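Chemist: fold the following, please.
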Amino acid sequence: MKLHMTFSLAVLTMLVLYTNGNTGEPAFEHDSSRKVNDSVSDDCDSSRILYLWLSPDENAKVRFEKNGDTYSGRVVWVSDSVKNEQLRKSDHNVDPEHQNGPEIFTGFRCKDGKWVDGTIYVAQRDKRMKCKLRISDDGQQMYVTVSKGIFSRTKTWTRIEE
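Modeler: Numbering: from 1, shown residues only. Okay, the predicted model is just below:
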């Protein structure tokens, strides 16, 4: 009986951690049609990250900048639907012109050829989570892997022109 309850608690914890409590939808979508391990560069040259990136849902744009010895990504544009949701919730406000939004990626460093030690703000949970970044060989995709314990999810961001 005790083993069954422990297992059930573990399954319940996984469901709570990886679903949006309000809708039951996954908090992190996993796009299995995209192959994350295809042509990923182990080089973390800053010229490969200092761009404008479009979110997987195509509802936000983030610009990466160097801050001392770390790199951060700040929201510079959000879609009208995201803006309306933010105004409704009044959390992590983006200004009306979408120019000075919050830093959702913070603290990334190059270590052993990889972007590590960073965090991402996860809006569905209203908290920061550890994550790692990888840039594709052609520099057009950024793979963002969020980890919580033994679980992780990867989403693909797309580099866009200004």
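Chemist: would you mind writing the CA trace of stretch 101-110 as PDB?
Modeler: Once non-C-alpha atoms are left out, stretch 101-110 reads as follows in PDB (Å, rounded to 0.1, in the frame of the first residue of the first chain):
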ATOM      1  CA  GLY A 101       9.900  44.300 -21.400                       C
ATOM      2  CA  PRO A 102      11.300  42.000 -18.700                       C
ATOM      3  CA  GLU A 103      14.400  40.000 -19.000                       C
ATOM      4  CA  ILE A 104      13.100  36.500 -19.400                       C
ATOM      5  CA  PHE A 105      16.600  34.900 -20.000                       C
ATOM      6  CA  THR A 106      19.200  35.800 -17.500                       C
ATOM      7  CA  GLY A 107      22.700  34.800 -16.300                       C
ATOM      8  CA  PHE A 108      24.000  32.700 -19.300                       C
ATOM      9  CA  ARG A 109      27.700  32.100 -19.400                       C
ATOM     10  CA  CYS A 110      29.900  30.200 -21.900                       C
END
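Chemist: what comes up buried for that stretch?
Modeler: Going by neighbour count (16 or more other CB atoms under 10 Å), the buried part of stretch 101-110 is 101-108, 110. Quick note: C-beta positions are derived from backbone N, CA and C, even for glycine.
Chemist: stretch 108-119 too?
Modeler: For stretch 108-119, using 16+ other CB under 10 Å, the buried residues are 108, 110, 114-116, 118-119.
Chemist: if you average pLDDT over it, what comes out?
Modeler: Confidence for stretch 108-119, expressed as mean pLDDT, is 90.
Chemist: pLDDT wise, what is Arg88 at?
Modeler: Reading off the model, Arg88 has pLDDT 61.
Chemist: quick one: contacts for the closest residue to Tyr71 other than its chain neighbours?
Modeler: Among residues not flanking Tyr71 along the chain, Phe108 sits closest, at 4.4 Å (CB to CB, 6 or more residues apart in numbering). Counting by CB atoms under 8 Å, 6 or more residues apart in numbering, Phe108 touches 49, 70-72, 115-118, 133.
Chemist: which SSE is Phe108 in?
Modeler: Element membership for Phe108 (DSSP states H and E) is strand 103-111.
Chemist: repeat for Val82
Modeler: Using DSSP H and E, Val82 sits in helix 80-89.
Chemist: sounds good, over and out.
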